[in-house]
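Visitor: My questions are about this predicted structure, shown below with the sequence.
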Amino acid sequence: MKVFKGDLHIHTCLSPCASLDMSPVAIVEEGLNRGLDLIAICDHNSAQNVGAVIRAGSKRGLHVLPGMEINSVEEVHTLAIFDSERQATAMQEIVYRHLEGMNSPDIFGEQVIVNEFDEVEGFNDKMLIGGTGLKLEEIVTEVHRLGGLSIASHVDRPSYSIISQLGFIPPDLDLDAVEISYRTNSIPEVKELPIIRSSDAHFHSDIGKVYTSFFIETPSVYEIRMALLGECGRRVVN
Amino acid sequence: MKVREIQKEFSLDLAAGEKGLDRDVIGGYCGDLLSDVMANSISGNIWLTIQSHKNILAVALLREISGIILVNGHQPDDETKAKANEEGIPILLSPASAYELAGALYNAGIRKKTE
């Protein structure tokens, strides 16, 4: 087993609020520059660029997990992190069925679909920044059914976090962990759940700003889950 | 004014929590971020929100809120209704927006923020 430095929350140019420079090759190279071993791609309500980043990463030796940052009907952001593009795409189908509206690029920004060579393949026209009609509980259930990790995003933030929207974390919600942002290194309100730190990078310079070190065998959802639970010798190091 | 009188006066549907209809209402609060409502609402308030997650009942209990009005046609789910019935906190329903309904309640004399 070894330590994998993981930044499990990085946006690409598919997210309307992210920089257009957040292309697969650029993200992978910056991740490697920062000494990361593992990243997860989590765009708002879509997984359409995850395959390109996985392929760009495999050519250069960076492990990339496919994910999404899903916005619930309560306007709570949660990360869904999977092993395969197929699982992420299955989750995306559920999200798309519950996502209304069209993007206004002038207001929210462009949503660029790219390939592993950083070439533009098209534009997503859905309102990816919006809330889905999915309840938080439904999202957690579906992510687990598909074999993924469900992690509440940036719970220390005053907007779009489970604590800002719902006052506190519902005790019966089956989350795998909560994420805190670079702005803090603890969250006293959260006592019962594992905590990870990730960058929520929207710009190049954010990548790897904070990360979580996992002592695991391989960079898989199964191994990360064991590390979060502190099982079988796996653990979160920092 | 009691929750029951507000329900009658504004022809609001009762979704749950009937046994709390005789609670007294002193002032009100509007908000959909429960962290904000926890920080700023006060005992006796009527609370206007679009948030229907069951955590609204926990917030209402904590702040001793007299009743909740779900505005803009929002509906509580079964878990939320069950909790409202258990705790006796009325959930009323309104097709109006929070802005419109708050204005009407204000004009009806529900103004005082503190006793």
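Guide: Perfect, thanks for sending it. On a predicted model such as this, the values are computed, not experimentally measured, just so you know.

Visitor: Burial check on the closest residue to chain A within chain B, number of neighbours?
Guide: As assessed by C-beta to the nearest C-beta, chain A sits closest to B:L34 within chain B, at 3.3 Å. Bear in mind the C-beta positions are built from the backbone N, C-alpha and C, glycine included. Neighbour count for B:L34, taken as other C-beta atoms under 10 Å in any protein chain shown: 26.

Visitor: Contact partners for it?
Guide: B:L34 makes contact with A:S164, A:Q165, A:L166, A:G167, A:F168, B:Q51, B:H53, B:N55, B:I56, B:V59, according to C-beta atoms under 8 Å, 6 or more residues apart in numbering or on different chains.

Visitor: Likewise for A:I139?
Guide: Counted by C-beta under 8 Å, 6+ apart, A:I139 has contacts A:I70, A:S72, A:T78, A:A80, A:T132, A:S150.

Visitor: pLDDT score assigned to it?
Guide: Reading off the confidence values, A:I139 has pLDDT 98.

Visitor: Okay, it and A:I70: tell me how far apart.
Guide: According to C-beta to C-beta, to the nearest Å, A:I139 and A:I70 sit 5 Å apart.

Visitor: and the helix or strand hosting B:S35, how far from the chain's centre?
Guide: Per DSSP states H and E, B:S35 falls inside helix B:34-40. When distances are taken as C-alpha atoms, centre = their mean, to the nearest Å, helix B:34-40 is centred 14 Å away from the chain's centroid.

Visitor: May I see the buried residues of it?
Guide: Residues B:L34, B:S35, B:D36, B:V37, B:M38 are the ones in helix B:34-40 that count as buried (16 or more other C-beta atoms under 10 Å in any protein chain shown).

Visitor: Throw the contacts of B:L34 into JSON lines and include neighbour count, secondary structure and distance to B:G109, thanks.
Guide: JSON lines is the format used below for these (neighbours: other C-beta atoms under 10 Å in any protein chain shown; DSSP: H, G, I helix; E, B strand; the rest coil; distance: C-beta to C-beta, whole Å):
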{"residue": "A:S164", "neighbour count": "19", "secondary structure": "helix", "distance to B:G109": "32"}
{"residue": "A:Q165", "neighbour count": "22", "secondary structure": "helix", "distance to B:G109": "32"}
{"residue": "A:L166", "neighbour count": "26", "secondary structure": "helix", "distance to B:G109": "32"}
{"residue": "A:G167", "neighbour count": "22", "secondary structure": "coil", "distance to B:G109": "29"}
{"residue": "A:F168", "neighbour count": "16", "secondary structure": "coil", "distance to B:G109": "33"}
{"residue": "B:Q51", "neighbour count": "24", "secondary structure": "coil", "distance to B:G109": "26"}
{"residue": "B:H53", "neighbour count": "25", "secondary structure": "coil", "distance to B:G109": "31"}
{"residue": "B:N55", "neighbour count": "22", "secondary structure": "helix", "distance to B:G109": "30"}
{"residue": "B:I56", "neighbour count": "26", "secondary structure": "helix", "distance to B:G109": "25"}
{"residue": "B:V59", "neighbour count": "24", "secondary structure": "helix", "distance to B:G109": "25"}
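
Visitor: Most widely separated two among the residues you listed?
Guide: Across these, the longest distance by C-beta to C-beta is 14.4 Å; it joins A:S164 and B:I56.

Visitor: Contacts only, for the closest residue in space to A:L166 that isn't next to it in sequence.
Guide: In this structure, A:L166 finds its nearest non-sequential neighbour in B:N55, 4.5 Å apart by C-beta to C-beta, 6 or more residues apart in numbering or on different chains. Residues in contact with B:N55 (C-beta under 8 Å, 6+ apart) are A:L166, A:G167, A:F168, A:P170, B:L34.
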